[in-house]
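**Q** starting from these lines, generate the structure:
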Amino acid sequence: MHIEGKIGFLGGGRMAEALIKGITESGLVESRQVLAVDPAQERRQFLAGQFGVAVSADGVGLADCRIVVLAVKPQVMGKVLALNLECFHGGQLVISIAAGISLKFLEDCLVGRDCRLVRVMPNTPALVLEGASGLCGGARATSGDLEEARQIFDAVGSSVVLSEAEMDAVTGLSGSGPAYVFSFIEAMIDGGVKVGLARQVAEKLALQTVLGSVRMALATGEHPAVLRAMVTSPGGTTIAGLHEMERAGFQGIIMSAVEAATDRSRELGRLAAEKKSV
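**A** Alright, predicted model coming up:
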């Protein structure tokens, strides 16, 4: 597959970097098709040098892009769109990756510009082309627009199309999820050190254990509870460890973390809307 026309990125941070890497290395687009807009000279130099894309300190060139990816922080989305409003028009597919920013907020910011909108929540493993993304389309977005958006995010992992009502939950689960996993890995490493392993050895074993477990779940398609039971023999070491995890409320802690992150995503959306209305 190949996407025609220019793709612009308003914001040149780590997620924009991941997407540029994915779409260019996969052959979905050529480097000459990409424009990255960022006020920081260091980021512009890095993106141009690393991927051979065009860069700019302002958004003027976005008007020539058929697809524009909004890759700025949710707290500044309204201000950035206001500053670059003239760059948007009805011939564009505009994709937002800002956590908590609703399609209505984007429609209000771009009122009169008639852009077709898609909201996406990716995550940081996109940096190694293993991201997970949830997508939903605005009122003007066509099935073709959603398919193009999926091609972009599938180039850095895998994606699912959902309703907008589910997007904050996507943020709480997969958007914030890598941090939960990294914390779990860190705890496993520290646990290994506590029981006598050298830190380097504990790190190697913990990382490979998590990687192997994920690949096993994907390859078998079995429910995690089934795979856990395969490891857990009667009266053995694993059930002893699982008992301690349950005593500490491990599953409840993770569920609460997902819920808290989901609530924060909703709050960010409300704050952005309130700030714009002032």
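**Q** show me where pLDDT drops low in the stretch 151-278 of the chain?
**A** 276-278 (pLDDT under 70).
**Q** please enumerate the helices of it.
**A** Per DSSP state H, counting those that start in this stretch, the stretch 151-278 of the chain carries helices over the ranges 167-170, 177-194, 199-220, 224-231, 237-247, 250-277.
**Q** pick the most buried one from the ones you listed.
**A** Mean neighbour counts were compared across those using mean count of other Cβ atoms under 10 Å; the top stretch is helix 167-170, at a mean of 24. C-beta: built from backbone N, CA, C; applies to glycine.
**Q** what sits against the residue lying closest to V72 once chain neighbours are set aside?
**A** Using Cβ to Cβ, 6 or more residues apart in numbering and skipping residues adjacent in sequence, the residue nearest V72 is G11, 4.0 Å away. If a contact means Cβ atoms under 8 Å, 6 or more residues apart in numbering, then G11 has 37-38, 69-73, 80 as its contacts.
**Q** count the residues that sit near the closest residue to S26 other than its chain neighbours.
**A** If the residues on either side of it in the chain are set aside, S26 comes closest to A155, at 4.4 Å by Cβ to Cβ, 6+ apart. Taking other Cβ atoms under 10 Å as the neighbour definition, A155 ends up with a count of 24.
**Q** which residues does A155 contact?
**A** The neighbours of A155, taking Cβ under 8 Å, 6+ apart as the test, are 19, 22-23, 26, 28, 129.
**Q** among these, name the buried ones.
**A** Applying 16 or more other Cβ atoms under 10 Å to the contacts of A155, the neighbour count classes 19, 22-23, 26, 28 as buried.
**Q** ok, residues contacting stretch 112-119?
**A** Contacts to stretch 112-119, defined as Cβ under 8 Å, 6+ apart, come from residues 68, 85, 88-90, 92-96, 101-103, 106-107, 110, 135-138, 140-142, 145-146, 149, 164, 167.
**Q** how about that stretch: buried residues?
**A** For stretch 112-119, the neighbour count (16+ other Cβ under 10 Å) marks 113, 115-119 as buried.
**Q** cool, and stretch 150-166?
**A** Buried residues in stretch 150-166, counting neighbours by 16+ other Cβ under 10 Å, are found at 150-157, 159.
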